[in-house]
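Here is a sequence together with a model predicted from it:
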Amino acid sequence: GEDVEQSLFLSVREGDSSVINCTYTDSSSTYLYWYKQEPGAGLQLLTYIFSNMDMKQDQRLTVLLNKKDKHLSLRIADTQTGDSAIYFCAEIPYGGYQKVTFGIGTKLQVIP
Amino acid sequence: EAGVTQSPTHLIKTRGQQATLRCSPISGHTSVYWYQQALGLGLQFLLWYDEGEERNRGNFPPRFSGRQFPNYSSELNVNALELEDSALYLCASSPRELRLGYEQYFGPGTRLTVT
C-alpha cells in the first residue's frame, strides 16, 4: 500500500530556516499536502502542491517536489516560535481522493 | 464561520466498554471523515461518510463503526474497547463536490483513553 515517511523531530533556532522532509511511495499521487498541528488543535492545511509542479511558494513557505525521488520538502523561512508544531505530509493517490495517506508527523521545535 | 467541532474533548473508558464520539461538520459540508492518531503511528484513515452513507473505510475491525445523520453530523462508535484503541480521534469535513483539489477541515479531536 501507499506509505509516507517523515523524520520525527527537528530543532531550529528562531530566525533560521526549517526544512521538513517527506518521502512517499505512490507514483500516482495527485496532490501532496502539508498540515500543521498545534497542541490541542486539529490539523490545519498549510499548503499543497499538484504532482505536476516542482515548486510552490506561499509567503514564508516553500514546497519542493522531486518526483523522480518521490521526495517532498517544506521550507519555513525565518522560523518563529509560533511555528513550533507537528507537521504532517500527506498524499492523495490518483482517483482516490478519499484515501489520503498521512505521514507520522515531524515535531518542529523552535528555540528562542 | 464555525469550524468542525467534536465532543467530548476527552473520554476515559475501561477495556470492553463502548465509546461514542461525535462530530459536527462545517455548515454546507456533506462529507465527514474519521481518523485515528495513535502514538507513534501517525494518522490512520478510519471512515468516510457522505449523504448519510458509509462510502469507504480503512483497515480497521468492524467494532469501529459509525453513522451520519440527516444534518450531516456524525458519530463514531467503538465497541469492545481495547487498550490499543487509546488515541486521538480526529474528524474532518469537506464539500462533496470539491473538484479542484481536496481540502479537509479538521476538528480538534477527541482524546480517548482506555484503561
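Received it, and whenever you're ready, just let me know what you need. Fair warning: this is a prediction, and the values are worked out from it, not measured in the lab.

who touches A:C89 in this structure?
Neighbouring residues of A:C89 by Cβ atoms under 8 Å, 6 or more residues apart in numbering or on different chains: A:4, A:6, A:20, A:22, A:24, A:32-34, A:72, A:74, A:102-103, A:106. All C-beta spots, glycine's among them, are computed from the backbone N, C-alpha and C.

now swap in A:G42 and tell me
With Cβ under 8 Å, 6+ apart, A:G42 has these contacts: B:G3, B:V4, B:L90, B:A92, B:Y105, B:F106, B:G107, B:P108, B:G109.

go again using 7 Å as the cut-off
By Cβ atoms under 7 Å, 6 or more residues apart in numbering or on different chains, A:G42 lies in contact with B:V4, B:L90, B:F106, B:G107, B:P108, B:G109.

do the same with A:W34
Counting by Cβ under 7 Å, 6+ apart, A:W34 has contacts A:L46, A:T47, A:V63, A:L74, A:Y87, A:C89.

In helices, which of those appear?
Assigned to helices by DSSP state H, none of the contacts of A:W34 qualify.

By neighbours, which of those residues wins?
Neighbour counts for the contacts of A:W34 peak at A:C89, which has 27 neighbours (criterion: other Cβ atoms under 10 Å in any protein chain shown).

Spatially, which residue comes closest to it, not counting chain neighbours?
A:C22 (3.3 Å; Cβ to Cβ, 6 or more residues apart in numbering or on different chains).

near chain A, which residues of chain B show up?
Residues of chain B lying near chain A by Cβ under 7 Å from any Cβ of the partner chain: B:4, B:41-43, B:45, B:48, B:55-56, B:90, B:101-103, B:106-109.

From chain A, how far off is the residue nearest the centre of chain B?
Computing the C-alpha centroid of chain B and ranking residues by Cα atoms, centre = their mean puts B:W34 first, at 2.8 Å. To chain A, B:W34 is 12 Å away according to Cβ to the nearest Cβ, to the nearest Å.

So what's the residue count around residue 90?
Using chain A here. A:A90: 25 surrounding residues under other Cβ under 10 Å.

meant chain B, my bad for not saying
So B:L90, with other Cβ under 10 Å, has 25 neighbours.

Please apply the same query to the one 5 residues further on.
Taking other Cβ under 10 Å as the criterion, the count of residues near B:P95 is 14.

which residues does the spatially closest residue to it that is not a sequence neighbour contact?
Nearest residue to B:P95, sequence neighbours excluded (Cβ to Cβ, 6+ apart): B:H29, at 5.5 Å. The contact partners of B:H29, by Cβ under 7 Å, 6+ apart, come to B:Y72, B:S93, B:S94, B:P95.

go with 8 Å
Contacts of B:H29 by Cβ under 8 Å, 6+ apart are B:Y72, B:S93, B:S94, B:P95, B:R96, B:Y105.

And A:T101, by the same measure?
By Cβ under 8 Å, 6+ apart, the residues touching A:T101 are A:G1, A:E2, A:D3, A:V4, A:Y24, A:D26, A:A90, A:E91, A:I92, A:P93, B:F45.
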